[in-house]
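Chemist: can't give you the sequence, but here's the structure:
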């Protein structure tokens, strides 16, 4: 991740998209939440924006009703600089709901005040052969 991020930062415009479905296939569901957080931390340190993507409020977008897990996921999306929603019949309702969730969540989270523990996905970056 750090090597990819460093290469991307050489370009004028760079960002990272957390596509959770693809990420889960690569690392397994058990570590998904942990690795998402580490990606957010690394990108925050590098001043690289993150897009929170893949099925945010997907059920609401299709049916007009959100699941409990979708609401929690949308709240977590506030840690990123951008949230991606797919097209759907109820996109306006999904956007209004997302804005409401993120506005309320902003009162509870200050991105800059996390206490970081050692990151594991970057631990071999400095010692690995280039």
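Modeler: That came through fine. Please read these numbers as outputs of a predicted model, since none were measured by experiment. Numbering: from 1, shown residues only.
Chemist: What average pLDDT does the helix or strand where residue 43 lies get?
Modeler: Using DSSP states H and E, residue 43 falls within helix 32-46. Average pLDDT, helix 32-46: 89.
Chemist: Can you give the distance from that helix to the centre of its chain?
Modeler: 8 Å (Cα atoms, centre = their mean, to the nearest Å).
Chemist: helices or strands up against that helix?
Modeler: helix 2-8, strand 16-19, helix 20-27, strand 50-53 (3 or more Cβ pairs under 8 Å, 6 or more residues apart in numbering; DSSP states H and E). Yep, even glycine has a C-beta here, placed from its N, CA and C like the rest.
Chemist: now the ones you listed as CSV including mean pLDDT and distance to residue 106?
Modeler: Output for those, formatted as CSV (pLDDT from 0 to 100; distance: least, Cβ to Cβ, whole Å):
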stretch, mean pLDDT, distance to residue 106
helix 2-8, 86, 26
strand 16-19, 92, 19
helix 20-27, 88, 22
strand 50-53, 93, 14
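Chemist: and among those, the most buried is which?
Modeler: Among the helices and strands packed on helix 32-46, ranked by average contacts under mean count of other Cβ atoms under 10 Å, first place goes to strand 50-53 (a mean of 20).
Chemist: contact partners of stretch 90-105?
Modeler: 56-57, 60-64, 66, 71, 74-75, 77-78, 83, 85, 88 (Cβ atoms under 8 Å, 6 or more residues apart in numbering).
Chemist: And the most centrally placed residue in the chain, how close does it get to residue 65?
Modeler: By Cα atoms, centre = their mean, the chain has its centre lying nearest to residue 52, at 3.6 Å. Distance, residue 52 to residue 65, using Cβ to Cβ, to the nearest Å: 21 Å.
Chemist: before we move on, what about residue 96?
Modeler: 14 Å.
Chemist: cool, and residue 39?
Modeler: Distance from residue 39 to residue 65, counting by Cβ to Cβ: 30 Å.
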